[in-house]
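>>> Generate a structure from the sequence data that follows.
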Amino acid sequence: MPPLAAIDVIGIRLKQEVCMHSIRRAMVFLSSLVMLTGATLFLASPAQAATSCSGTVTYDGTVSRSGSVIGELVIYYNSSNGGTNSACFYHRGVSYGVAADTSIQILRCSQTSGTGNVCNPTASSLDDRGSYSYQAGPVGVTGTASHCVSATGGIVWGGTDYYIETGTRGC
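Numbering: from 1, shown residues only. Sure, this is the predicted structure:
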């Protein structure tokens with residue numbers, strides 16, 4: 001019969017092995033969870049990734065300061081996904097290449113006619129807002145083939161907000 005000290009050592013080793021096995025299982029679970037979460041986030045974003053500022057221009061408006069254009073909001077349309085409209089707000093003139101608070105958002109409206117009216121939104125893009133040097137966006141909405149869209153974009157320049165709200169467009 002082994003001495004008591006040897007039995008205690010064997011018991012401690014068994015406890016350590018059980019503990020290490022539990023830690024390994026927990027680490028495998030956490031690693032799997034992190035990978036699945038990352039995959040879900042990656043797979044959840046194709047709509048935004050597919051949005052680009054390209055296609056047929058359906059609206060183009062500018063904001064000026066002291067007679068000089070400092071920003072431009074452009075709405076684009078393409079026929080994918082039942083109609084997709086995207087928008088970008090570009091820095092122009094003296095603001096081009098200079099970091100400034102810039103934003104853009106586009107809405108799909110319930111209206112099917114009435115260019116320039118107030119939009120009754122049925123869907124919206126994310127509001128892309130940040131300190132950008134060249135543009136905010138692209139942002140987009142799908143299912144716009146038979147609907148108007150509306151976009152709002154702007155730039156804070158010299159401490160003043162310069163914004164464009166397009167009203168309904170593409171009707």
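>>> contacting residues for the spatially closest residue to Gly158 that is not a sequence neighbour?
The shortest distance from Gly158 to any non-neighbouring residue, by C-beta to C-beta, 6 or more residues apart in numbering, is to Arg65 (6.7 Å). Bear in mind the C-beta positions are built from the backbone N, C-alpha and C, glycine included. With contact taken as C-beta atoms under 8 Å, 6 or more residues apart in numbering, Arg65 is in contact with 157-158, 160, 162.
>>> mind listing what's buried in the one helix or strand Ala136 maps to?
Using DSSP states H and E, the element containing Ala136 is strand 135-142. The neighbour-count check on strand 135-142 (16 or more other C-beta atoms under 10 Å) flags 135-142 as buried.
>>> ok, now stretch 122-129?
125, 128.
>>> Would you mind putting the CA coordinates of that stretch into CSV?
Only the C-alpha atoms of stretch 122-129 are listed here, as CSV (Å, rounded to 0.1, in the frame of the first residue of the first chain):
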residue,chain,number,x,y,z
THR,A,122,-39.9,52.6,-44.9
ALA,A,123,-36.2,51.7,-44.7
SER,A,124,-33.0,53.4,-44.0
SER,A,125,-29.3,52.9,-44.3
LEU,A,126,-26.9,53.3,-41.4
ASP,A,127,-25.9,56.8,-40.7
ASP,A,128,-22.3,57.0,-41.7
ARG,A,129,-20.9,59.8,-39.6
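>>> Mind picking the one among the contacts of Arg65 that's closest to Ser125?
Nearest to Ser125, judged by C-beta to C-beta, of the contacts of Arg65 is Tyr162 at 20.4 Å.
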